[in-house]
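Trainee: next come a sequence and a model predicted from it.
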Amino acid sequence: MTVTAESPRHQIDVVVFASPLLRVGRWRCPADHPDFLDSGPASDALFVFPRQSVWIQHAGGRPFVADPNTVTYYNKGQRYRRRQLSERGDHGEWYAVAPEAIADTLAVHEPAAIDRVERPFRFTHGPGDAGSYLRQRLVFEHVSREAEPDQLFVEETMLSVFGAVTRLAYQRDRQPVVTPRRRRGEVDAVEAARDLITRRFRHNLSLSAIAREVETSVFHLSRLFHARTGFSLHAYRNQLRLRVALERLGERDIDLTEIALDLGFSSHSHFTETFRRNFGHTPSAVRRIL
């Protein structure tokens, strides 16, 4: 679908950087927008870092939760649908790398990808590490604010990020297939748990409460969740808190203690240490950069 000034998408899908190697876009779609449920086939091969959480279902595939801990992948022409999870709809940043560069990157893990330029991604989503999430956010802020972005910095950083997150996707893809118990005939226990944690990540949740809500045992939930996501439930919740913290750091009139307590951390020091351990910088340092 071509986005023009007359298109209903011209305000929700904005290209903020473009070069022969890379395009960077901003997607901000409210849940009541006409294109929320179905925004048409993907115009390019894309990888996306969600800022808000949303259910995504690729045509012919099973639904999954796309949240800030997740990177989603779309081949050119891929059809998909959304279902609301966050009250803010679907927000995120997308990156379209030149097809030859995508194929070269994926071929490190899957040699056959070099011959699959038109449909490079065989996975719909994968894990996103904290370092990659922060780096792509810094790139996005740079291209959004600078009249003449540093093209070498932008392209080199995002190729590195793309290599890092696709490596994680292939590692997850090679894990033994685990089929959790289905929930209400549609969503399995792991995706149901991700939905619950995404909506209530600020709360002091217990393992037994989550297991009861998704209709499985604590043993099976812990084992299957780690096998599917690579995280414990506690670590997954903490990662969501940290990535939402990046959003809040741009709010200059809110101090770090208020952010920490609002996101469920026990104290300013607990928040700062957890943030530094995951992102390699303190919250105050990242606030200055942003």
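Mentor: Done, it's in. Numbering: from 1, shown residues only.
Trainee: now do the strands for the chain: every range, in order, please.
Mentor: Applying DSSP state E to the chain gives strands spanning 13-18, 22-29, 46-50, 54-58, 64-66, 70-74, 80-84, 90-97, 125-127, 182-183, 187-188.
Trainee: which residues does the fourth one contact?
Mentor: Taking contacts as Cβ atoms under 8 Å, 6 or more residues apart in numbering, the residues outside strand 54-58 that touch it are 63-67, 72, 74, 78-86, 89-90, 124-125, 195. In short, each C-beta sits where N, CA and C put it, glycine included.
Trainee: buried stuff in that strand?
Mentor: 54-56, 58 (16 or more other Cβ atoms under 10 Å).
Trainee: between the residues you listed, which is closest to A211?
Mentor: Nearest to A211 among the buried residues of strand 54-58 is W55, at 20.9 Å by Cβ to Cβ.
Trainee: with adjacent residues omitted, what lies nearest to that closest one?
Mentor: Sequence neighbours aside, R83 is the residue nearest to W55 in space, at 3.7 Å (criterion: Cβ to Cβ, 6 or more residues apart in numbering).
Trainee: show me the domain layout of the chain.
Mentor: 13-173, 182-289 (automatic domain parsing).
Trainee: the ones you listed: lowest mean pLDDT?
Mentor: Lowest mean pLDDT of these: domain 182-289, a mean of 91.
Trainee: next, count neighbours for the nearest residue in space to G61 that is not next to it in sequence.
Mentor: Nearest residue to G61 in three dimensions, chain neighbours excluded: T124, at 5.9 Å (Cβ to Cβ, 6+ apart). A total of 20 residues lie near T124 under the criterion other Cβ atoms under 10 Å.
Trainee: the stretch 101-250 of the chain: helices as residue ranges?
Mentor: 130-145, 151-173, 189-199, 207-214, 218-229, 233-248 (DSSP state H, counting those that start in this stretch).
Trainee: now stretch 82-92, how far from the chain's geometric center?
Mentor: Here stretch 82-92 is found 12 Å from its chain centre; the criterion is Cα atoms, centre = their mean, to the nearest Å.
Trainee: list the buried ones in that stretch?
Mentor: Quick answer for stretch 82-92 (16+ other Cβ under 10 Å): 82, 84-86, 89-92.
Trainee: among those residues, which two are most distant?
Mentor: Using Cβ to Cβ, the pair of the buried residues of stretch 82-92 lying farthest apart is Q84 and G92, separated by 14.5 Å.
Trainee: nearest to E258, of the strands of the chain?
Mentor: strand 90-97 (22.2 Å).
Trainee: give the contact list for the residue nearest to G61.
Mentor: Contacts of T124 (Cβ under 8 Å, 6+ apart): 56, 58, 61, 64, 72-73.
Trainee: with T274 instead?
Mentor: 238, 242, 265.
Trainee: quick check: phi and psi on the nearest residue to P20 once chain neighbours are set aside?
Mentor: Nearest non-adjacent residue to P20, counting by Cβ to Cβ, 6+ apart: A98, 6.7 Å away. Main-chain torsions, A98, degrees, to the nearest 10: phi -50, psi 140.
Trainee: isn't A98 up against L22?
Mentor: Yes - with contact taken as Cβ atoms under 8 Å, A98 and L22 are classed as touching, separated by 7.3 Å.
Trainee: more neighbours, the two?
Mentor: Neighbour count, other Cβ under 10 Å: between A98 and L22, L22 has more, with 22 against 18.
Trainee: surely that one and M158 touch.
Mentor: Yes - contact criterion Cβ under 8 Å: L22 and M158 qualify, at 5.7 Å.
Trainee: common neighbours of those two, please.
Mentor: Between them, L22 and M158 share the contacting residues 95, 97, judged by Cβ under 8 Å, 6+ apart.
Trainee: need the buried residues of strand 54-58 in CSV (columns: distance to A18).
Mentor: Below are the buried residues of strand 54-58 laid out as CSV (distance: Cβ to Cβ, whole Å):
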residue, distance to A18
V54, 25
W55, 30
I56, 25
H58, 26
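Trainee: tell me the one among those residues nearest to P120.
Mentor: H58 (14.5 Å).
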